[in-house]
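>>> Can you look at this prediction? I've put the sequence above it.
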Amino acid sequence: MLFDLPHILYMVISAVITACILVAAKFLIKKQKSKDFFLRFWAVLTVVVHFSSIYTDYYIEKITNPELGLSLFIPAYACNVCMWLLVIVAFAKKRGTFISLLSHFVALGGIVCGIVGILINENYGAFGANNPGLNPMTDYEVVKGLVSHSTMLIGALYLLVGDYVKIRVKRTTLGVAIGLTIFLIDGLVVNGLNRLFNMPDVNSMYLHSVPFDAFPWVNTLTIGLAGVWVAFVIGMIVERITLPKQKRWYYRAKPLIEADEEAEEQLEETK
């Protein structure tokens, strides 16, 4: 059962530990190589924890043919995709334009997926009532689901804390748009493959049906548009707080807008 005492305790303890780790990293890790190692550590740890249930089933539960959950071999959900994108960003040798934009998406998308995965964890919701508590020996599938979201959240937040990403209107909005496009492509591919091989529909990225029946207007399109809009608003707020007026997005866009207006006026005069 979601939001029972063990779940609430996990959320509180996880939040405190996450904050302590990131504050310590901010003040203690200064060299870029150390920052890269720290980011890669959390990216790899997230993957290891995610797949660890296979080995616990085999070695601890003595299940000789462990059952592979869908999320272990197909990136059907947003959290799975963010996990792998975090790995790509962490291990990228050159931080060019595309990796920079992708980092903006992973920072914000990873934070959202991490928090949602902890607050509304499907495994905990399904098994928590039958197996109250968070005992790693009896509820490992639930525990590892929560922990993997916590480790991914640390990695995503460190992209901001470690100065890999500086929130800006243009790059952040474009990065989120690219990330949501990756989600869309992933969903189309996963759903298409399942249909091609006559497998059950997994509704990857909620492309076939809405996530909440009570809110039919919350669909892939509205979620995507809301994500881009939120990224734009966050960028505006951060720029207003951290940048002088001359460096904000609207000030830089002003000469372009004025040039377009002058060009239109000249075109009207020639007519």
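Happy to help now that I have it.
>>> Find the helix or strand that Ser52 is a member of.
In this assignment (DSSP states H and E), Ser52 forms part of helix 32-59.
>>> and the following helix or strand past that helix, how far out from the chain's middle?
Toward the C-terminal end, the helix or strand that comes next after helix 32-59 (DSSP H and E) is helix 70-73. Centre-to-centre, helix 70-73 and its host chain are 17 Å apart (Cα atoms, centre = their mean, to the nearest Å).
>>> Could you find the closest non-adjacent residue to Ser14?
Ser150 (4.8 Å; Cβ to Cβ, 6 or more residues apart in numbering). Every C-beta, even on glycine, is put in place using the N, C-alpha and C of the backbone.
>>> after the helix or strand hosting the one you found comes which helix or strand?
When secondary structure is defined using DSSP H and E, the element that contains Ser150 is helix 140-161. Scanning forward in sequence from helix 140-161, with DSSP H and E defining helices and strands, the next element found is helix 169-196.
>>> so what secondary structure elements neighbour that following helix?
Packed against helix 169-196, as judged by 3 or more Cβ pairs under 8 Å, 6 or more residues apart in numbering; DSSP states H and E, are the following elements: helix 78-91, helix 97-119, helix 220-242.
>>> Buried residues in the shortest one, which are they?
By neighbour count, with 16 or more other Cβ atoms under 10 Å as the criterion, the buried positions of helix 78-91 are Ala78, Cys79, Asn80, Val81, Cys82, Met83, Trp84, Leu85, Leu86, Val87, Val89, Ala90.
>>> just stretch 29-40 next, same as before
Going by neighbour count (16+ other Cβ under 10 Å), the buried part of stretch 29-40 is Ile29, Lys35, Asp36, Phe38, Leu39, Arg40.
>>> same thing with stretch 170-186?
Arg171, Thr172, Thr173, Leu174, Gly175, Val176, Ala177, Gly179, Leu180, Ile182, Phe183, Asp186.
>>> how about a markdown table for these, with distance to Val238 and pLDDT added?
Conversion of these to a markdown table gives the following (distance: Cβ to Cβ, whole Å; pLDDT from 0 to 100):
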| residue | distance to Val238 | pLDDT |
| --- | --- | --- |
| Arg171 | 11 | 93 |
| Thr172 | 8 | 96 |
| Thr173 | 12 | 96 |
| Leu174 | 15 | 96 |
| Gly175 | 14 | 97 |
| Val176 | 14 | 97 |
| Ala177 | 17 | 97 |
| Gly179 | 18 | 96 |
| Leu180 | 20 | 95 |
| Ile182 | 23 | 97 |
| Phe183 | 23 | 96 |
| Asp186 | 28 | 96 |
